[in-house]
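Peer 1: With the sequence up front, the predicted model follows.
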Amino acid sequence: MGKLLRINTKEKTFNFEEVPQDYEGLGGRALTSKMILDEVPPTCHPLGKANKLIFAPGILAGSPAADSGRLSAGAKSPLTGGIKESNAGGLVSQKLAKLGITALILEGKPENDDYSMIVINNDGVEILPVGDLAGKGNYEVMENLWAKYGKNTGVLSIGQAGEQCLKSASIQQADMSGKPGRAHGRGGLGAVMGAKKIKAIVVDDKGASRVEIKDKDAFKAANKRWVDMLRKHPVTGEGLPALGTAVLVNVINEAGTFPTKNFRTGRFEHAQDISGEKMAENIEARGGITTEPCHPGCVIKCSNVYHDKDGKYLTTGFEYETIWAFGAHTTIKELDDIAMLDRLCDDFGLDTIETGVTLGIAMEGGMIPWGDGKAAIDLLSKVGDGAPEGKIIGSGAAFTGEALGVDRVPVVKKQSMPAYDPRSCKGVGVTYATTPMGADHTAGYGVTANILGVGGTVDPHKKEGNVELSQGLQIATAAIDAAGLCLFVAFAVLDNEDGLPTIVAMINAQYGLSLTPDDFLELGKSILNNEKEFNKRAGFTKVDDKLPEMFDEKFPPHDTTWDFTLEDLAKTLDF
């Protein structure tokens with residue numbers, strides 16, 4: 001049985017605790033959301049001493065289960081004011097699990113401005129000064145920490161945005177090359193880490209025991225079927241490995257749901273210039289890497305390494321959402337400019353979705369011209385300098401819209417919408433409106449049935465069936481997040497009758513349990529209920545589960561509208 005590791009950031013002390021009975025069997029998002037509900041006052045200031053930042057490996061973390069290396073981070077969000085779970089690939093989840101740490105909890109708040117780092121290994125825990133790494137970007141931080149503690153060490157760190165406690169600040173994880181290519185991006189959790197004056201967390205599992213598997217034969221059989229399922233599905237076995245998540249650019253643009261120029265139309269005339277096909281062409285010509293895993297044990301391998309025109313490393317983990325946010329949303333069509341914006345976000349520690357949408361709001365408000373990639377790079381660079389303009393941009397789209405007097409701001413619960421217009425992909429639109437997380441496609445990815453024909457087909461332009469689609473996906477996604485599995489496994493799960501039973505079979509074999517698929521889905525419901533309850537106590541009401549007025553407009557090319565009432569949407573998480 002694992003332990004909870006609590007670190008008092010004010011006193012710079014730590015202690016290990018037995019996992020309470022209420023938390024037994026929980027992991028990932030299930031554990032972070034339960035602990036935030038139980039231990040964080042819902043009306044507290046997100047940057048105050050009462051908030052907590054919790055990292056939890058998933059239920060399957062540390063096991064040989066394919067694609068089970070996601071780590072959940074949870075806190076009260078500085079961006080939304082509600083509960084937040086953000087998960088990422090990288091090295092930390094599996095290492096924490098092997099060290100027997102069920103959750104790492106950062107609590108309290110230092111009274112001085114000195115930054116610390118936490119080092120966790122098989123010998124114990126150290127809380128150390130960071131020295132001259134304070135004020136540095138994530139690239140330099142991770143390079144230094146790998147040089148000191150060894151390659152393949154797990155690292156979580158914040159950049160200048162987190163140190164400034166900006167609302168869009170991310171927590172970056174070292175990828176398998178030691179670059180800050182994996183992000184706990186959404187919700188501003190980097191600001192919580194910055195408020196607690198923790199610059200970095202190093203996790204080294206050398207010498208630790210393997211995670212115990214109760215029934216090795218049953219686990220091996222289930223995992224074999226699991227890997228086979230992932231490799232044979234056309235999305236997880238072909239599309240994502242070949243072109244990364246950017247495979248979606250041409251698909252979503254053709255479907256007419258690719259939000260362009262701040263959600264004015266669903267097609268971008270330069271989509272081909274920023275497509276997955278163009279990205280892969282550049283990577284191949286410049287000596288980059290078209291496909292690599294984001295964590296050990298990943299068989300989907302949708303990450304990549306992108307080089308500049310001179311063949312020099314520029315960025316890694318170049319994602320569809322990032323390309324859209326800095327591309328079609330702002331009308332920037334130069335892929336290299338978009339890649340540079342991605343690199344800056346990774347270095348400063350910023351969520352690329354929130355930051356890309358914010359740059360579009362800056363264009364809407366006249367700070368920089370539409371489509372000007374170089375001006376966007378110059379403006380974003382000011383975040384690293386701590387300049388006033390950078391503080392505005394780094395505080396998110398809602399704040400920037402208020403600062404500039406812009407009323408066309410695509411946010412829900414103050415979090416920016418991702419790369420699918422809710423009027424022509426209504427399943428994901430319902431998720432944007434109703435998830436406790438604020439606008440978030442990963443909370444219930446209705447694109448599956450709306451656009452991709454995965455798990456069935458639901459008309460993306462009509463109301464019928466989309467509340468039910470979002471509800472089912474939000475429940476299943478919460479459970480997948482609890483398991484520590486990559487969200488993309490959902491493609492294979494939805495198209496294979498034994499998809500969900502196979503996940504449950506791996507959990508049962510690892511822990512010696514006899515759970516059913518219904519038990520797994522009930523876990524998903526309990527997670528959402530905990531998150532709804534926290535937000536309710538924080539002051540959220542059904543009125544917060546709606547889209548902005550800008551979505552009353554007809555949306556070309558299909559001239560669809562957003563036609564859900566609050567009563568329609570209230571049914572989504574009513575279970």
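Peer 2: Yes, it's here.

Peer 1: where do the helices sit along the stretch 451-575 of the chain?
Peer 2: 466-483, 489-494, 499-511, 517-538, 566-570 (DSSP state H, counting those that start in this stretch).

Peer 1: One more: the stretch 301-450 of the chain?
Peer 2: Using DSSP H, counting those that start in this stretch, helices in the stretch 301-450 of the chain cover 320-326, 335-348, 352-364, 373-385, 388-393, 397-404, 426-434, 447.

Peer 1: between these, which gets nearest to residue 39?
Peer 2: Nearest to residue 39 among the helices of the stretch 301-450 of the chain is helix 426-434 (25.2 Å), distances taken as CB to CB. Glycine gets a C-beta too; all of them are placed from N, C-alpha and C.

Peer 1: circling back: please tabulate the helices of the stretch 301-450 of the chain in CSV, including the columns mean neighbour count, mean pLDDT and distance to residue 213.
Peer 2: Below are the helices of the stretch 301-450 of the chain laid out as CSV (neighbours: other CB atoms under 10 Å; pLDDT from 0 to 100; distance: least, CB to CB, whole Å):
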stretch, mean neighbour count, mean pLDDT, distance to residue 213
helix 320-326, 28, 98, 35
helix 335-348, 25, 98, 35
helix 352-364, 29, 98, 37
helix 373-385, 20, 98, 45
helix 388-393, 20, 98, 47
helix 397-404, 22, 98, 45
helix 426-434, 29, 98, 35
helix 447, 24, 97, 35
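
Peer 1: Of the ones you listed, which is nearest residue 106?
Peer 2: Nearest of the helices of the stretch 301-450 of the chain (CB to CB): helix 335-348, 20.9 Å.

Peer 1: circling back: in JSON lines, list the helices of the stretch 301-450 of the chain along with distance to residue 127.
Peer 2: JSON lines is the format used below for those (distance: least, CB to CB, whole Å):
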{"stretch": "helix 320-326", "distance to residue 127": "34"}
{"stretch": "helix 335-348", "distance to residue 127": "25"}
{"stretch": "helix 352-364", "distance to residue 127": "30"}
{"stretch": "helix 373-385", "distance to residue 127": "27"}
{"stretch": "helix 388-393", "distance to residue 127": "29"}
{"stretch": "helix 397-404", "distance to residue 127": "33"}
{"stretch": "helix 426-434", "distance to residue 127": "39"}
{"stretch": "helix 447", "distance to residue 127": "43"}
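
Peer 1: nearest to residue 555, of these?
Peer 2: For those, the distance to residue 555 is smallest for helix 426-434, at 10.6 Å, taking CB to CB.

Peer 1: Can I get that closest one as PDB, trimmed to CA atoms?
Peer 2: What follows is helix 426-434, C-alpha atoms only, in PDB (Å, rounded to 0.1, in the frame of the first residue of the first chain):
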ATOM      1  CA  LYS A 426     -22.300  20.200 -30.500                       C
ATOM      2  CA  GLY A 427     -21.200  17.200 -28.500                       C
ATOM      3  CA  VAL A 428     -17.900  18.900 -27.500                       C
ATOM      4  CA  GLY A 429     -19.800  22.200 -27.100                       C
ATOM      5  CA  VAL A 430     -22.000  20.600 -24.400                       C
ATOM      6  CA  THR A 431     -18.800  19.500 -22.700                       C
ATOM      7  CA  TYR A 432     -17.300  23.000 -22.800                       C
ATOM      8  CA  ALA A 433     -20.400  24.300 -21.100                       C
ATOM      9  CA  THR A 434     -20.900  21.700 -18.400                       C
END
